[in-house]
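>>> Structure, please.
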Amino acid sequence: MFSRALKPVVSVAAQNGAKTFSTTSEMQIKVAVLGAGGGIGQPLSLLLKHNPLISHLALYDIAPFTPGVAADLSHIDTPVKVTGHKGPEQLGDALQGSQVVVIPAGMPRKPGMTRDDLFNTNASIVRDLSLCIASHAPEAIVAIITNPVNSMVPITSEIMKKAGVYNPCKVLGVTTLDIVRSSTFVGEINGDDPRCVKVPVIGGHSGITIIPLLSQSQPPCKLKDPEKIDTLTKRIQEAGTEVVKAKAGFGSATLSMGYSGARFTNAILRGLKGEQNVSECAFVKCNLSEAEYFATPITFGKNGMEKVLGYGKINDYEQKILCAAMPELLKNIKKGVDFVKKYDK
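Predicted structure coming up:
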């Protein structure tokens, strides 16, 4: 999982397969996962239990079995301490002292549902969690997985603003799954190892707002036919629906999202550790477009987002679909901002 990202920190013995953790005792990092008992939260927490940059993993959910999830994970033979916290009365304990908070909490998508259909339920969940973060972990870097990300990031941002603790570098929307899917699909087409494929994805994290920059794929995508490029673009944009349909009403993208969330969290941790030039795409506040928030490659540092890298030169097709996506993205962002304004009245 982390073999590329943490080469200096964790290694696998070549001859006998034994695990070797470095002694990074000076790095005492507590990570809180809010929604740890859910379909994304459990695989995400499992992967984070293996991350040597984490000293304490605090698992929170309203579900009564959350301490059981923590007990289960605590039996895994890595040094990461795991604690379980259930119900609103224990949320503060989960957050206290956390440098990183990851939010996968919320209702999953079902067949026929759009991410917008999730808004009313998930907006209230993210609002309430954000209020507690503002009180108990105001300096934490917050990574938001809950859909629709295009609206949830503005909700958390507005809550933090009202609490007087807002730092735009520390409120990050996780769009990594779009990049993971793009790398997988291009790797299949090219016959390349998908771990060696890089495709930046900009815009947002739902439907037409997902803009894969196939023209910037490294190694280059072998597709040249405009129709095939359009088909691949649409597959990436609708990949979540592909999973929802395949699960036939029994869930959405949970395992791939858990992996993607762990990868994004790892990038945050590497930045906190002081590693240079750690980058991922994320949905963040920036001035790259007319939208206040935009998914773009960024680098990480000790304060969360260190630098907005931007997306460079794009071709005519990508410019066209970006322009087409902008009204939807602006609507999504406004919906999140308006939700907080309405809540305040």
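
>>> where along the stretch 51-200 of the chain do the strands fall?
56-61, 81-86, 100-103, 141-144, 171-174 (DSSP state E, counting those that start in this stretch).

>>> Kindly compare burial across these and name the winner.
Among the strands of the stretch 51-200 of the chain, strand 171-174 has the highest mean neighbour count (mean count of other C-beta atoms under 10 Å), at a mean of 29. The way it works is simple: take the backbone N, C-alpha and C, and place the C-beta from them, glycine included.

>>> Which strands and helices lie in contact with that strand?
Packing partners of strand 171-174 (3 or more C-beta pairs under 8 Å, 6 or more residues apart in numbering; DSSP states H and E): strand 141-144, helix 149-163, helix 255-273, strand 279-285.

>>> now with 6 Å?
Where contact means 3 or more C-beta pairs under 6 Å, 6 or more residues apart in numbering; DSSP states H and E, strand 171-174 is packed against strand 141-144, helix 149-163, strand 279-285.

>>> Looking at the ones you listed, which one is packed in the most?
strand 141-144 (a mean of 27).

>>> strands paired with it, and their directions?
Taking DSSP bridges as the criterion, strand 141-144 forms sheet pairs with strand 100-103 (parallel), strand 171-174 (parallel).

>>> what's the neighbour count on residue 315?
12 (other C-beta atoms under 10 Å).

>>> Pull the contacting residues for it.
residue 215 (C-beta atoms under 6 Å, 6 or more residues apart in numbering).

>>> Please report the distance of it from residue 229.
With distances taken as C-beta to C-beta, to the nearest Å, residue 315 is found 9 Å from residue 229.

>>> And residue 122, by the same measure?
Relative to residue 229, and taking C-beta to C-beta, residue 122 is found at 33 Å.

>>> same question, residue 54
The gap separating residue 54 from residue 229 is 40 Å, by C-beta to C-beta.

>>> More neighbours: those two, which one.
Between residue 54 and residue 229, counted using other C-beta under 10 Å, the more crowded position is residue 54 (25 against 18).

>>> wouldn't that one be in contact with residue 30 here?
No - contact criterion C-beta atoms under 6 Å: residue 54 and residue 30 do not qualify, at 7.7 Å.

>>> Can you tell me the SS state at residue 310?
coil (DSSP: H, G, I helix; E, B strand; the rest coil).

>>> From the chain's centroid, how far away is stretch 277-296?
13 Å (C-alpha atoms, centre = their mean, to the nearest Å).

>>> List the contacts of it.
Residues from elsewhere that reach stretch 277-296 (C-beta under 6 Å, 6+ apart): 149, 153, 168, 172-173, 175-176, 179, 200-205, 264, 267, 270-271, 297-300, 305, 308, 310-311, 329-330, 333.

>>> For those, which ChimeraX command selects only the ones that are buried?
Applying 16 or more other C-beta atoms under 10 Å to the contacts of stretch 277-296, the buried members can be selected in ChimeraX as follows:
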select :149,153,168,172,173,175,176,179,200,201,202,203,204,205,264,267,270,271,297,298,299,300,305,308,311,329,330,333
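
>>> the longest helix in the chain is where?
The longest helix of the chain (DSSP state H) is helix 316-344.

>>> buried residues in that helix?
Quick answer for helix 316-344 (16+ other C-beta under 10 Å): 318, 321-322, 325-326, 328-330, 332-333, 335-337, 339-340.

>>> Looking at the residues you listed, which is nearest residue 250?
Using C-beta to C-beta, residue 332 comes nearest to residue 250 of the buried residues of helix 316-344, at 26.9 Å.

>>> check contacts around that closest one.
Counted by C-beta under 6 Å, 6+ apart, residue 332 has contacts 150-151.

>>> Having no further points to raise, I will conclude here.
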